[in-house]
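Trainee: structure of the sequence below:
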Amino acid sequence: MAFITDTRTGGITISQRFAALRENFAAARAQRKIYTTTVNELEALSNRDLTDLGISRSMIKGIAMEAAYGK
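Mentor: You can find the predicted model right below:
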């Protein structure tokens, strides 16, 4: 009968995976904060201020998405 005696210890440990998960969560939370802050600030502007900036109300979420996520 054959037995496998090769054990692999390389790779990512559970603590490294958890640390990466925390970093990803923090980055996503920071991006979400940029998005909501941008939306709130632009929605607080008057229609005249938005027109002066060349922005319509329908563009606010798209602008916030680009500011936060670069898309």
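
Trainee: quick one: low-confidence parts of the chain?
Mentor: 1-3, 6-10 (pLDDT under 70).

Trainee: run the last query once more with 50
Mentor: Within the chain, no stretch has pLDDT under 50.

Trainee: could you show me where the helices are in the protein, in order?
Mentor: Taking DSSP state H, the helices of the chain run over residues 14-44, 47-53, 60-69.

Trainee: among those, which comes closest to T5?
Mentor: Closest to T5 of the helices of the chain, according to CB to CB: helix 14-44, at 23.6 Å. For the C-beta atoms, the positions are set from N, CA and C on the backbone; glycine is no exception.

Trainee: list the helices and strands that closest one packs on?
Mentor: In this structure, helix 14-44 packs against helix 60-69, with contacts taken as 3 or more CB pairs under 8 Å, 6 or more residues apart in numbering; DSSP states H and E.

Trainee: neighbours of R17, how many?
Mentor: For R17, the neighbour count with other CB atoms under 10 Å is 11.

Trainee: check the gap between it and K33 for me.
Mentor: The gap separating R17 from K33 is 25 Å, by CB to CB, to the nearest Å.

Trainee: also I14?
Mentor: Using CB to CB, I14 is found at 29 Å from K33.

Trainee: more neighbours: which of these two?
Mentor: Between I14 and K33, counted using other CB under 10 Å, the more crowded position is K33 (11 against 7).

Trainee: look up how far T13 lies from that one.
Mentor: Distance, K33 to T13, by CB to CB: 30 Å.

Trainee: can you give me the buried ones in stretch 16-35?
Mentor: The neighbour-count check on stretch 16-35 (16 or more other CB atoms under 10 Å) flags Y35 as buried.

Trainee: hmm, who's touching it?
Mentor: Contact with stretch 16-35 is made by 12, 64-65, 67-69, as judged by CB atoms under 8 Å, 6 or more residues apart in numbering.

Trainee: show me which pair in these is furthest apart.
Mentor: Top of the distance list for these (CB to CB): I12 and A64, 34.2 Å.
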